[in-house]
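Asks: dropping the sequence and predicted coords here.
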Amino acid sequence: MLHDLNLSIGGIDARLNRRYQRLVKQHMTPPAPLASAVKDLACAQKTTFATTQAGWRFFNNERISFSQLNEPIISLALRQVALSPHPYAPVVHDWSHLQFRTHNGKEERLKMTHGGDVGYELQTSLLLMVYQ
């Protein structure tokens, strides 16, 4: 089913693609209740520092953008909706404002409503599909 799909990103090396696929698949089927796939991203590493470093390298890799990370998942969702016998597919949206007013190390913070209101806007969507 969905777990057997090969989610890959064009134009990046095989090692980065393997890490991406592992991260996505672990989010689809977490190994334990409430387990975070980010914690498990580099479970083969021997130390907590190595695991943290592997996650940091993955998410801060300049050879891949956040939009590239989303492309395979969005394509998969569109294909699955097209295959569905249902005339609609509900999507749950969440929008959150994350404030980092005093976190000066985060240089990419956005000014929201006024000078002291800085941080990020986080938008997530969950596509609900029924499989029979």
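Replies: The structure has been received and is ready for your questions. As the structure is a computational prediction, the values presented were derived from the model and not from experiment. Residues are numbered from 1 along each chain as shown.
Asks: helices and strands around the host helix or strand of residue 18, which ones?
Replies: Per DSSP states H and E, residue 18 falls inside helix 14-28. For helix 14-28, the helices and strands in contact under the criterion 3 or more Cβ pairs under 8 Å, 6 or more residues apart in numbering; DSSP states H and E are helix 37-40, helix 48-59, helix 66-83. For glycine as for every other residue, the C-beta is placed from the backbone atoms N, C-alpha and C.
Asks: compare these and give me the one nearest residue 7.
Replies: Of all the helices and strands packed on helix 14-28, helix 66-83 sits nearest to residue 7, with 4.2 Å by Cβ to Cβ.
Asks: give the buried residues for that closest one.
Replies: Judged by neighbour count using 16 or more other Cβ atoms under 10 Å, the buried positions of helix 66-83 are 69, 72.
Asks: how about stretch 105-118?
Replies: 109, 118.
Asks: so how far is the helix holding residue 18 off the chain centroid?
Replies: Relative to its parent chain, helix 14-28 has a centroid offset of 10 Å by Cα atoms, centre = their mean, to the nearest Å.
Asks: repeat for stretch 79-99
Replies: Relative to its parent chain, stretch 79-99 has a centroid offset of 15 Å by Cα atoms, centre = their mean.
Asks: mean confidence for that stretch?
Replies: Average pLDDT, stretch 79-99: 88.
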